[in-house]
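# Next comes the sequence, and after it the predicted model I'd like to discuss.
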Amino acid sequence: MDASSDAPGDDRLDVKAKRLLDAWRTPTGWRYWSAVNNSEVGLWYVVASFTFFLFGGILALLMRIQLALPDNDFLTADQYNQVFTMHGSVMMFLFAVPILEAISILLLPEMVGARDLPFPRLSAYGFWCFVIGGVFVCGSIFFGVAPEGGWFMYPPMTTEYQTGVGVDIWLLGLSFIEVASIAAAVELIVGVMKCRPPGMQLNLIPLYAWYILVVAVMILFAFPPLIAGDLLMELQRSLDWPFFDASRGGDPLLWQHLFWIFGHPEVYIVFLPSIALIAMIVPTFARTPMVGYGWIVLAAVGTGFLSFGLWVHHMFTTGLPAISIGIFSAASQAVAIPTGIQLFCFIATLLIGRVTKSVCLLFTLGGLATFIIGGLTGVMVAVAPFDYQAHDTYFIVGHLHYVLIGGTIFPIVAGVYYYYPAVTGKQLSEKLGRYAFWLMLVGFNVSFFPMHLSGLLGMPRRVYTYPAELGLGTLNLISTVGAFVLAIGFVVFLFDVLRSKKNQPLVARNLWNAGTLEWLGEVPDKPWGVRSIPIVESRYPLWDQDHFVEDVDAGRFYLPDAEEGLRETLVTSVVDAKPIQCLRVPGPTFLTHFAAIFTGGVFIFSTYHWYVAAAISGVLAFITILVWLWTGTAPIPEKQDKDVGRGLTLPIYVSGSKAVGWWAMFITMLGDMTAFISLIFGYFFYWTAHDDFPPNGSSGPGWIWPSVAMLTILLAYSATLAARRWNRQDHAARFYGAIVCGVVLSIVGGLALLYGPLAHQMDPTAHVYPAIVWVLAIWTALHVVLGVVMHLYCAARRAAGRMTARCDADIVNVTLYWHFLLLTTAITCLVIAGFPMVAK
Amino acid sequence: MAMTETSNHNEINKTDHVTSIWWIVAAPAVWAVHFLASYLTAAIFCAKFADSDGSAGEVQLAVMAYTVVAIVIIAGVGWSGRRRHRDGHDRSPHDGATTADLRRMIGLSTFLLSLLSAVATVFTALVFYFVETCH
């Protein structure tokens, strides 16, 4: 393509632009809700997350009213328990994590010059799951049946002393939302790694993308242990399998381990994306590139790793050996190093730059100062002897709110002020913003600083009232006054966001004169993301690359057209962002809504033990997802290659490790393996914690049936490899033969897995040993069933002409699944059959 | 635009060094393995094999061995990172659109993460120096 013929005003360009616009046009009317594009789904996600945030905030005010005076009876003990449980759960699961996904879905494609994320329907599915699950969990409080066990749900309180549906609502409702979080993590990881513009190699990507990559990987390894814990606890509550019942060999501490292996990284999962926003805001207002890019990468990656070595610092008072406590105390101190490094980089950037004042910067600086105070008290409680004194007191409540509000909320508000013009074309009021900031900062400190003192004076957490004789009334009253001042600050902010701006002029394009790609958006913005996907040669291309905006607007870069009327974006290589594919992404659909509704039905009906309804819903969800996959994924294109502009021709269909679908499968299976390893951790935890594991006299599942299972699954795996090979060689008969063998062997293997514990009459309600063996066997057998479905799916795809020898993404991805399935089966069989022999 | 296109195409034709990204996470991964090995050794020893006085001398020896191995690997990774970071004696922020700068930036991140991992590994090891029993 000759760039000179694409000058602005050229008729051909108009035609191209119109075609591009048509391809990306947002549906109108009621069909608007079928949109899957990142700009719509991201915006809905942000609005929904903030709505839940306001709900959680109101719950906080109810708590503060109750605690304002000693012996107050504004709330009953039961109501208070529900309110504080919901406050913590809503803020963490329905605001802090979703808002990072929301902002990332909304902005990440713009930051990396992509038209959309690689799996827009997955984002939409995740969003609808989130909304349904969130409304279900929040709604419970209006019926007086909300969970009461704290956001951490410790057994045995939640397994033996709370018999209502509250705990089930928490376990199943939030598990449902966690699935959505993992879906978003898959989307964001593949987005950062594969959908960057040509030239944006790893040393040039926006810092936000580095942080999001780290955070999404953290979600992948942090959430599955909680899902595994949820599964165990729900099995105990529904079927009386005694995982946390000490009288039958279980151990409540296992829950604490699984919860905090999730719970502590979670703190960084919500903190790092907010810091990422600061990393975008600071250079813009300092008018200079960020100082210490490499150091910030160190901080992001280092924090991501170290945050997984901190979980036991929530369990210092549970009687663990001093050495274990020491290890986690040391790691808790070490994490202060990368956390501090990034703050120094921000401060250095502000010092060397020419700082422009703005409300964004006020919230940024307020957030940093607040976070530093929370970080320092964090170092205090990382010292175990101090923690023994402060544990479960209001000192911890003060500490965690300084961290979370300073490290998360203030930067997010800064981000809203910063990006509001990019999303809406209008600017928020600087004057109202200053009022909001000072009200929030003062209100926050008045509310939460006294909590350190009331905590040190002995006020325990999670009590609905306290006697006047303790002398805590004044400090609590001050906290309540502060909370309302903070709330007024939020009302001012909310008013500013929601007030009509009809009479306000549109802002100039790139209002803040920023240097990164998300500011390429026109005002008002067009649904295509960018007019053409640019070649990037700088960390701040809008500052450094000559005629950059003009060239993008004139369609002089890649994919300036949509000749076939389809939505397309570029896929590039992971490290040096070399273009490797023109990816066609799917458009609007209601399939994702149905999939989310039916998936939600499985969780929601199970809460009330309506298992028939849950099963029907599960079948419907399964069918819907199959239809979605069948019609929407890996379609065979009408031609192999496509000219994407500038003389570059790229394949439209790729399979294997170059394809985004392969990466999605790989990443999903990493999360799946993490959940499985958490169950294995449980098995060995019982062994270390108890002398009677495996109990004397128990024969376990024996070695014969697990060995049969291992052998047949190995053969089924070999059949899968053969099917991939014969498909590639276009030997149809052999391919179908291999699939049939794979299916039959898998069914035999799955049955053998279950027959081991069954034949040895292992009763899962009698003791934790048979229970954990059954869980491992069932987990693996369910994965085998999924493997069979995948076999049949591939056979059907080939029979229908939707998979060919060349276009073989389906069988390649299924083979990848089978690598993980083989590993899962091998570990399960070795553990349940082999370990009892060694342990004896 | 002509210049841009030429330089970009040169870059695009380079091989994708997909493996180089693993260098960045190599040192923290060593920390993680050392951390987990130390924790599991201590937890299993204290639960299953400790004497009644709770002495953890064997664990101290084991962790000392883990630490020596971990530090040697981290030092190797760090040295490799530093070598790539200093390649060509370029002291800029490594923000050029060149393969050389990409390599230097990955080298710098690898080197810095090795320092952090070494410190965190020593932190873990020090616990076993100071805390001598399971109690």
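Received the coordinates, thanks.
# Scan chain B for its longest helix.
Assignment by DSSP state H gives helix B:99-130 as the longest helix of chain B.
# list the buried ones in it?
Buried residues in helix B:99-130, defined by neighbour count with 16 or more other Cβ atoms under 10 Å in any protein chain shown: B:99, B:101-118, B:120-125, B:127-128. To be clear about C-beta, it is placed using only N, CA and C from the backbone, and glycine gets the same treatment.
# Check stretch A:554-568 too.
By neighbour count on 16+ other Cβ under 10 Å, the buried set for stretch A:554-568 is A:554, A:555, A:556, A:557, A:558, A:559, A:560, A:561, A:562, A:566, A:567, A:568.
# Report the mean confidence score over the longest helix of chain B.
Helix B:99-130 shows a mean pLDDT of 92.
# Name the SS class of residue A:649, please.
Using DSSP: H, G, I helix; E, B strand; the rest coil, the structure places residue A:649 in strand.
# Might you report the residue contacts of it?
Contact partners of residue A:649, counting by Cβ atoms under 8 Å, 6 or more residues apart in numbering or on different chains, are A:641, A:642, A:643.
# ok, the host helix or strand of the second one near chain B or not?
Think residue A:642. Taking DSSP states H and E as the criterion, residue A:642 maps to strand A:641-645. No. Interface with chain B: strand A:641-645 contributes nothing (Cβ under 8 Å from any Cβ of the partner chain), its closest point being 10.8 Å away.
# Can you name every helix or strand that that strand contacts?
On a contact count with 3 or more Cβ pairs under 8 Å, 6 or more residues apart in numbering or on different chains; DSSP states H and E, strand A:641-645 meets strand A:579-584, strand A:648-651.
# list the buried ones in that strand?
Of all the residues in strand A:641-645, those buried under the rule 16+ other Cβ under 10 Å are A:642, A:644, A:645.
# Okay, and the one residue sitting closest to the centre of chain B sits in which element?
Nearest to the mean C-alpha position of chain B, by Cα atoms, centre = their mean, lies residue B:27 at 1.0 Å. Taking DSSP H and E as the definition, one finds residue B:27 inside helix B:20-44.
# so which of the buried residues of strand A:641-645 comes closest to residue B:58?
Distances from residue B:58 to the buried residues of strand A:641-645, taken as Cβ to Cβ, are shortest for residue A:644 (62.5 Å).
# okay, that closest one: pLDDT?
Here, the pLDDT recorded for residue A:644 equals 94.
# what's the answer for residue A:176, then?
pLDDT at residue A:176 comes out at 89.
# correct me, but it touches residue A:133?
Yes. Between residue A:176 and residue A:133 there is a contact under Cβ atoms under 8 Å: 4.2 Å.
# so what sits against both of these two?
Counting by Cβ under 8 Å, 6+ apart, the residues touching both residue A:176 and residue A:133 are A:600, A:603.
# Show me which residues of the stretch 51-200 of chain A are close to chain B?
Taking Cβ under 8 Å from any Cβ as the contact definition, the stretch 51-200 of chain A meets chain B at A:198, A:199.
# so how far is the one helix or strand residue A:97 maps to off the chain centroid?
Taking DSSP H and E as the criterion, residue A:97 maps to helix A:97-111. Taking the mean of its C-alpha atoms, helix A:97-111 sits 11 Å from the chain's own mean (Cα atoms, centre = their mean, to the nearest Å).
# From the contact counts, what lies against it?
With contacts taken as 3+ Cβ pairs under 8 Å, 6+ apart, helix A:97-111 sits against helix A:38-67, helix A:120-139, helix A:166-194, helix A:207-239, helix A:252-286, helix A:410-424.
# Which of the helices and strands in the chain ranks last by mean pLDDT?
No chain in the question, so chain A it is. helix A:11-24 (a mean of 81; mean pLDDT, DSSP states H and E).
# actually chain B
In chain B, the helix or strand scored least confidently by mean pLDDT, DSSP H and E is helix B:2-12, which has a mean of 39.
# where's residue A:233 relative to residue B:58, distance?
Remark: distance between residue A:233 and residue B:58 (Cβ to Cβ, to the nearest Å) = 36 Å.
# closest point of the stretch 701-840 of chain A to chain B, which residue?
residue A:839 (10.4 Å; Cβ to the nearest Cβ).
# what's around that residue, how many residues?
Neighbour count for residue A:839, taken as other Cβ atoms under 10 Å in any protein chain shown: 10.
# Tell me, how many residues neighbour the nearest residue to it once chain neighbours are set aside?
In space, and not counting its chain neighbours, residue A:839 is closest to residue A:694: 6.1 Å by Cβ to Cβ, 6 or more residues apart in numbering or on different chains. Residues contacting residue A:694 under the criterion other Cβ under 10 Å number 24.
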